[in-house]
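[1] Sequence and predicted structure, then a few things I'm wondering about:
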Amino acid sequence: MAGNSRVKVEFDSDVVRPDPGRRRQVLGWLRAALEAVDPERLTAKAMADGHRGETALVAIGKAAPAMMRGAASATNVVSGICVTDHRDDVPGTVSLLVGDHPVPGAASYAAGTAVLETVRETPLDVELVALVSGGGSALCEVPRKGVPFDYLSQVYGRLVSAAIGIEEVNLVRSHLSAIKGGGLARAAGRLIETFVIADVGPAGPEVVASG
C-alpha cells in the first residue's frame with residue numbers, strides 16, 4: 001500500500017445488530033460448554049462409584065476448590081488440604097491455602113511443605129486421593145534436597161517467559177522439585193488414587209502440574 005491510500009473494509013451490518021434471539025442462543029451454547037467442563041460436577045461423577053471408606057483429599061491447582069467440593073460429595077472426607085490461587089468454599093474438614101502463581105514464592109513453599117506433611121501423616125487405614133489441575137506447579141512447591149528455593153524460583157521465572165512447550169517446562173520443574181515427578185507419592189510411601197483435569201491438550205495428564 002503506497003502513500004496515504006486506505007483499504008476500504010465492508011462488512012454485513014446485520015452481524016453486529018442487536019438480536020435478542022441470537023444472544024439467547026449463543027449464551028445457551030456458552031452455558032452448556034461451561035457445565036460440560038465444570039470441575040465440581042466432573043470430579044463428583046468420576047468418584048461416584050469408588051466405594052471408598054474414610055478418605056483424605058489433597059487438591060492442587062486452579063480448579064482445586066471445585067474438585068474438592070465434587071470429591072466431598074462423593075466420598076467420606078475425614079481430612080484434606082486444598083492449594084489454589086484464590087479464596088473459595090471448601091468442606092469444613094479441609095484446609096485452604098493460597099499459593100503464588102506463576103512463579104512460586106513463600107506462600108507456595110508453605111503450601112508445599114503442608115502438603116508433604118499431610119501425605120506423610122495420613123494413617124494407612126485412610127485412603128489418600130489426589131485432585132490435580134493446571135497451575136499446580138507454581139502454587140505448591142518444595143525444592144529437592146540441595147536445591148535453594150531462590151534458585152528454583154528463578155528457574156520458574158525464566159521458564160514461563162521462554163518460548164518452549166509445556167512438556168519441556170514441566171520436565172525441568174519435575175527434576176528440581178520434591179513434589180513434582182511423582183514426589184508426592186514417594187513422600188506418602190504408597191499409591192495415591194489420582195484424578196486429573198488436564199489443560200495441556202495432547203501432552204497427557206502426567207504433564208499437568210509437572211506430575
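    Thanks, I have the structure now. Numbers count the residues shown, from 1 in each chain.
[2] Render the CA-only coordinates of whatever helix or strand Arg22 lives in in PDB, please.
    Applying DSSP states H and E as the criterion places Arg22 in helix 20-36. Output in PDB follows, covering the C-alpha atoms of helix 20-36 (Å, rounded to 0.1, in the frame of the first residue of the first chain):
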ATOM      1  CA  PRO A  20     -32.100 -11.000  21.400                       C
ATOM      2  CA  GLY A  21     -32.900 -14.400  19.900                       C
ATOM      3  CA  ARG A  22     -29.300 -14.900  18.700                       C
ATOM      4  CA  ARG A  23     -27.900 -13.600  22.000                       C
ATOM      5  CA  ARG A  24     -30.000 -16.200  23.900                       C
ATOM      6  CA  GLN A  25     -28.800 -18.900  21.600                       C
ATOM      7  CA  VAL A  26     -25.100 -18.000  22.000                       C
ATOM      8  CA  LEU A  27     -25.400 -17.700  25.800                       C
ATOM      9  CA  GLY A  28     -27.100 -21.100  25.800                       C
ATOM     10  CA  TRP A  29     -24.100 -22.600  24.000                       C
ATOM     11  CA  LEU A  30     -21.800 -20.900  26.400                       C
ATOM     12  CA  ARG A  31     -23.700 -22.200  29.400                       C
ATOM     13  CA  ALA A  32     -23.700 -25.700  28.100                       C
ATOM     14  CA  ALA A  33     -20.000 -25.600  27.400                       C
ATOM     15  CA  LEU A  34     -19.200 -24.400  30.900                       C
ATOM     16  CA  GLU A  35     -21.400 -27.000  32.500                       C
ATOM     17  CA  ALA A  36     -19.800 -29.700  30.500                       C
END
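[3] where along the protein do the strands fall?
    Using DSSP state E, the strands assigned to the chain run over residues 54-60, 76-84, 94-98, 127-132, 193-196.
[4] Can you tell me which of those strands is most buried?
    strand 54-60 (a mean of 25; mean count of other CB atoms under 10 Å). C-beta here means a position set from N, CA and C on the backbone, and glycine is covered the same way.
[5] send the alpha carbons of it over as PDB?
    Extracted in PDB, the C-alpha atoms of strand 54-60 (Å, rounded to 0.1, in the frame of the first residue of the first chain):
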ATOM      1  CA  GLU A  54     -12.600 -42.800  55.200                       C
ATOM      2  CA  THR A  55     -10.700 -40.600  52.700                       C
ATOM      3  CA  ALA A  56      -8.100 -37.800  52.900                       C
ATOM      4  CA  LEU A  57      -8.000 -35.400  49.900                       C
ATOM      5  CA  VAL A  58      -5.100 -33.400  48.600                       C
ATOM      6  CA  ALA A  59      -6.200 -30.900  45.900                       C
ATOM      7  CA  ILE A  60      -3.700 -28.800  44.000                       C
END
